[in-house]
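Chemist: Structure for this input, please:
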Amino acid sequence: MSNQIIAVADSVFPNLDLAVEALSGVTTEEFRMSADTSAESILAVAADADALLVTYSQINAEVIAGLNNCKAIGRFGVGTDNIDIAAATEKGIQVCYAPVYCLDEVSDHAMALLLSCARKIPYANKLASEGRWEMPAVTPIGRFRGKTLGLIGLGNIPQQIVGKAQAFGINVIASDPYCPDDVFSRLNVEKVELDDLLGRSDYVSVHAPLTPETENMFNMDAFKKMKNSAFLINTARGPLVDIDDLAKALDAGEIAGAGLDVLPEEPPAADNPLLGRDDVVLTPHTGFYSEDALLDLQTTVATDVATILNGGEPKYPVKPK
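Modeler: I've put the predicted structure just below:
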């Protein structure tokens, strides 16, 4: 097959050499990079393209309607909430993604945030850097052994967290109505309802998909159900947490702290109420990142796109709900 055009809506990679290599089995006429993430710019390069590669851009129904020759949309990521799957399916476009590419990285990052928050590492480092070598200033700090971690969701990433938390002597419970009971049993994780999890957990780590039902699921009502000594960890999707309510909950002592790798608005505005707080640890959406993971990500998605363009079945297709 010849004269294939690959459009790229956006990219976080230094280059797309690995994707180009993975697509070497497809004779491409050219790669086209969108000037920005607007629908107009994406369609300027993708309207007649055979495939579209995307990371964070919104590939909504408007964009999909303007794709006149597209056979595949490859999403560089573990989720596809920025793609209108129903619209793509209706137009006969196959969507693929990389659901298992950064399991180690995100699960490690969630644990790192948990440990940093609970041991107050960033705050202690700040004090020490200011010349305040004061142990009482960072108290109280609890012991990990015997504490309870509540996982919101028990998919691929939180399943990787279970053993890491248990190695610290932390008991793990989870709320996930879609996860089979045998997974809970195999991992020695207790299956609980959400409200029970919020009330029992010393640490709550969020791994839910972003849907209309889960948006802002962590609001003041949820924070009031949590222990005053609990920490919230979010490495999933920013809009799962109402940041204004989180700031108010921290001010009111409803919970003890939070570690967030994702925010509803990225980068955050200067007036974001979580910036500069000693009880919040923020990282700039780096949980997915390692050199190894980026290699896996480009290769996995581009290989599936090449497979689709060559008439085959992708390894990681996204099925319409």
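Chemist: where does the protein have its least confident helix or strand?
Modeler: Least confident helix or strand, the chain: strand 28-33 with a mean of 84, by mean pLDDT, DSSP states H and E.
Chemist: Who does that strand pair with, and is each partner parallel or antiparallel?
Modeler: The strands beside strand 28-33 in its sheet (DSSP bridges) come out as strand 4-8 (parallel).
Chemist: Tell me which residues are up against the helix or strand that comes right after the strand it pairs with.
Modeler: Following strand 4-8 in sequence order, the next helix or strand is helix 17-22 (DSSP states H and E). Contact with helix 17-22 is made by F13, F31, L53, L294, L295, Q298, T299, V301, A302, T303, A306, as judged by C-beta atoms under 8 Å, 6 or more residues apart in numbering. No exception for glycine: its C-beta is placed from N, CA and C like everyone else's.
Chemist: In JSON lines: these, plus distance to D181.
Modeler: JSON lines is the format used below for these (distance: C-beta to C-beta, whole Å):
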{"residue": "F13", "distance to D181": "40"}
{"residue": "F31", "distance to D181": "46"}
{"residue": "L53", "distance to D181": "38"}
{"residue": "L294", "distance to D181": "35"}
{"residue": "L295", "distance to D181": "35"}
{"residue": "Q298", "distance to D181": "36"}
{"residue": "T299", "distance to D181": "34"}
{"residue": "V301", "distance to D181": "32"}
{"residue": "A302", "distance to D181": "37"}
{"residue": "T303", "distance to D181": "34"}
{"residue": "A306", "distance to D181": "38"}
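Chemist: Now the buried members of those.
Modeler: F31, L53, L294, Q298, T299, V301, A302, T303, A306 (16 or more other C-beta atoms under 10 Å).
Chemist: Now, the residues you listed that are in helices?
Modeler: L294, Q298, T299, V301, A302, T303, A306 (DSSP state H).
Chemist: any idea which of these is least confident?
Modeler: Here the lowest pLDDT out of those sits on L294, with 87.
Chemist: What separation do you get for that residue and T80?
Modeler: 19 Å (C-beta to C-beta, to the nearest Å).
Chemist: pretty sure P209 contacts G79?
Modeler: Yes. The pair P209 / G79 is scored as a contact, 6.4 Å apart, by C-beta atoms under 8 Å.
Chemist: residues near D84, how many?
Modeler: Using other C-beta atoms under 10 Å, D84 has 21 neighbouring residues.
Chemist: Check it and give its pLDDT.
Modeler: Looking at D84, its pLDDT stands at 96.
Chemist: From I73, how far off is it?
Modeler: Plainly put, D84 is 10 Å away from I73 if you go by C-beta to C-beta.
Chemist: can you check N188 too?
Modeler: Counting by C-beta to C-beta - N188 and I73 are separated by 39 Å.
Chemist: and A47, how many neighbours?
Modeler: Each residue near A47 was counted by other C-beta under 10 Å, and the total is 15.
Chemist: Backbone dihedrals for it, please?
Modeler: The phi/psi pair for A47 (degrees, to the nearest 10) reads phi -50, psi -40.
Chemist: gap between it and K71?
Modeler: A47 is 14 Å from K71, where distance means C-beta to C-beta.
Chemist: Same question for A236.
Modeler: Distance from A236 to K71, by C-beta to C-beta: 30 Å.
Chemist: now T89
Modeler: Distance from T89 to K71, by C-beta to C-beta: 13 Å.
Chemist: now swap in N219 and tell me
Modeler: Remark: distance between N219 and K71 (C-beta to C-beta) = 41 Å.
Chemist: Ok, P320 next?
Modeler: From P320 to K71 the distance is 16 Å (C-beta to C-beta).
Chemist: Among these two, which residue is more densely surrounded?
Modeler: K71 (18 against 10).
Chemist: Please list all residues in contact with the more buried one.
Modeler: Applying C-beta under 8 Å, 6+ apart, we find K71 in contact with D50, A51, G92, I93, Q94, I308, L309.
Chemist: Quick one, grab the pLDDT at it.
Modeler: As predicted, K71 sits at a pLDDT of 97.
Chemist: Okay, buried residues for stretch 14-34 please.
Modeler: Buried residues in stretch 14-34 (16+ other C-beta under 10 Å): L16, L18, A19, A22, L23, V26, T28, F31, R32, S34.
Chemist: next one: stretch 47-63
Modeler: A49, D50, A51, L52, L53, V54, T55, S57, Q58, I59, V63.
Chemist: of those residues, closest to L246?
Modeler: Q58 (25.0 Å; C-beta to C-beta).
Chemist: Surely that closest one is in contact with T37?
Modeler: Yes. Here Q58 reaches T37: they are 7.3 Å apart, a contact under C-beta under 8 Å.
Chemist: tell me the domain ranges of the chain?
Modeler: Using automatic domain parsing, the domain ranges for the chain come out as 4-101+291-309, 103-282.
Chemist: end-to-end on the first one?
Modeler: Taking C-alpha to C-alpha, to the nearest Å as the measure, domain 4-101+291-309 stretches 9 Å from start to finish.
Chemist: I figured A72 hits L309, correct?
Modeler: Yes. Counting by C-beta under 8 Å, A72 touches L309, with 6.2 Å between them.
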